[in-house]
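*Asks:* please work out how this folds:
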Amino acid sequence: MQCVRNRFTARASAAALGLLLGLSALSAGAGQLYRWVDDQGQVHYGDQIPPNETKKGGAVLSNTGREVRTLKRQKTQDEITAEEKAAREQAEAERQRQRQEERDRVLLQTFTSEQDILDARDRKLAAVEGSIRLTQGRLDTLKKSLAAKRKEAADTERSGRVVSEALSNAITTLEGQVAENEHFLVGKHQEIDNLKQQYGADLERYRELTTRKKKDDDGTPER
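*Replies:* The predicted structure is shown next:
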């Protein structure tokens with residue numbers, strides 16, 4: 001129906017729109033009637049929306065001019081990108097929620113009281129501190145041996161003699177052992193800090209979970 005394909009703007013008379021609707025109803029081969037808005041904000045009617053104007057969407061009308069279905073506008077690339085980003089963030093938030101639920105389950109299964117957490121922390125701290133003491137004692141001994149070897153080498157040089165290869169190698173070995181043990185101690189002190197933070201967070205979370213459970217059991221609404 002070629003006449004229906006002509007556009008009618010919102011400024012067209014009601015009689016013109018009525019004629020369009022009437023022709024649409026009378027035509028045996030007529031398709032659906034559409035309404036859309038162009039880039040200038042003008043409303044148009046016709047039996048199809050031009051391809052270059054589908055991005056704004058529109059509406060499907062009945063033969064009486066009543067809107068029967070809304071046609072969604074096409075999304076811009078920025079909108080698509082934003083939606084994809086939001087979907088990724090939502091998925092990551094869900095993964096984090098599930099991981100937190102698993103950590104909470106393990107926490108409540110592992111400890112039966114706050115004191116259990118403190119006792120576990122103290123046992124691990126004691127083990128690390130014991131390792132630090134042993135290493136520090138070994139390090140002190142190594143440093144004394146290194147100082148003695150360096151003095152021996154210095155005395156040898158002052159006497160005008162050549163430092164032996166064995167003495168040089170011993171100094172090099174001791175220097176490596178001192179550095180290795182010092183590095184080990186740095187790691188152990190960091191481990192102590194990490195344990196304190198970990199068990200501090202576990203204790204805080206345990207209190208939160210048990211307080212929430214008590215409120216749920218008592219029927220007290222959580223604030």
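
*Asks:* distance check, the one residue sitting closest to the centre of the chain against residue 99.
*Replies:* By Cα atoms, centre = their mean, the mean C-alpha position of the chain lies nearest to residue 92, the distance being 5.3 Å. Using Cβ to Cβ, to the nearest Å, residue 92 is found at 10 Å from residue 99. All C-beta spots, glycine's among them, are computed from the backbone N, C-alpha and C.

*Asks:* do residue 130 as well
*Replies:* Distance from residue 130 to residue 99, by Cβ to Cβ: 33 Å.

*Asks:* just for this structure, where's the confidence low?
*Replies:* Applying pLDDT under 70 to the chain picks out residues 1-31, 219-223.

*Asks:* and with 90 instead?
*Replies:* For the chain, applying pLDDT under 90 flags the ranges 1-80, 213-223.

*Asks:* contact partners for residue 198?
*Replies:* Contact analysis of residue 198 by Cβ atoms under 8 Å, 6 or more residues apart in numbering lists nothing.

*Asks:* spell out which helix or strand contains it, please.
*Replies:* helix 165-218 (DSSP states H and E).

*Asks:* likewise for residue 68?
*Replies:* strand 67-71.

*Asks:* buried set for that strand?
*Replies:* Buried residues in strand 67-71, counted by 16 or more other Cβ atoms under 10 Å: none are found.

*Asks:* and the helix or strand just after that strand, what's buried?
*Replies:* Counting by DSSP H and E, the next helix or strand C-terminal to strand 67-71 is helix 77-110. For helix 77-110, the buried set under the neighbour-count rule, 16+ other Cβ under 10 Å, is empty.
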